[in-house]
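Undergrad: Sharing a model that was predicted from the sequence below.
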Amino acid sequence: MKIDKTDKKILDILQQDGRASASNIANEIDISIPTVTDRIKKLQDAGIIKGIHAVLDPKPLGLDVAAIITLISESSLHYKEVTKAAKKTPEVLQCLATTGKGSHMLFVVTRNSSTLEELLRKIQSWSGVIRTETQIVLSDYKMIQKISDLTTI
């Protein structure tokens, strides 16, 4: 699907406020409400809009430890098994296939260092995982997935 400037404006608004109504978007970019809803539906069907959801702060929810875990695998034979295991593990917020030292990187949150240690043991038992390398996140400064100013791209 080729997106035009109007689509980019709609996407920019939705990235700023996923709860923006079609009527507010229509008013802001001066098009009709049905046009906005049709375009949003097409963007969803094309997989450009993957979802609209609340962004939560894990700390007030009792999830005080965030970490980035690099998985070092014996081979790519276990690729699908690793991704399936990551999808089934609630502490894993993101699973990324990577190049370099490891095959995957996981962004995880847990209650404390003890639960992180338990999670690491679980991950290290996944098929094909030889070892892990873990970095504890001390602070986060930008966690929102927003593609900046689409109208200039």
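TA: Cool, the structure landed. Residues are numbered from 1 along each chain as shown.

Undergrad: What segments of this protein are helices?
TA: For the chain, helices defined by DSSP state H occupy the ranges 5-16, 22-29, 33-45, 79-88, 113-124.

Undergrad: ok now the second one, how far from the chain's centre?
TA: Read that as helix 22-29. Averaging C-alpha positions (C-alpha atoms, centre = their mean, to the nearest Å) puts helix 22-29 27 Å from its chain's average.

Undergrad: Distance to Leu96 for the helices of the chain - can I get that in JSON lines?
TA: (Each C-beta comes from the backbone N, C-alpha and C, glycine too.) As requested, these are arranged in JSON lines below (distance: least, C-beta to C-beta, whole Å):
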{"stretch": "helix 5-16", "distance to Leu96": "20"}
{"stretch": "helix 22-29", "distance to Leu96": "31"}
{"stretch": "helix 33-45", "distance to Leu96": "23"}
{"stretch": "helix 79-88", "distance to Leu96": "10"}
{"stretch": "helix 113-124", "distance to Leu96": "14"}
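
Undergrad: Which among those helices is found nearest to Leu61?
TA: helix 113-124 (13.2 Å; C-beta to C-beta).

Undergrad: list the buried ones in the closest one?
TA: If you call a residue buried by 16 or more other C-beta atoms under 10 Å, then helix 113-124 has these buried ones: 115-116, 119-120, 123.

Undergrad: Which of the residues you listed sits closest to Cys95?
TA: Cys95 lies nearest to Ile123 out of the buried residues of helix 113-124, by C-beta to C-beta, at 10.7 Å.

Undergrad: Tell me the spatial nearest neighbour of that closest one, not counting adjacent residues.
TA: Nearest-residue entry for Ile123: Thr132, 6.0 Å, with adjacent residues in sequence omitted and distances by C-beta to C-beta, 6 or more residues apart in numbering.
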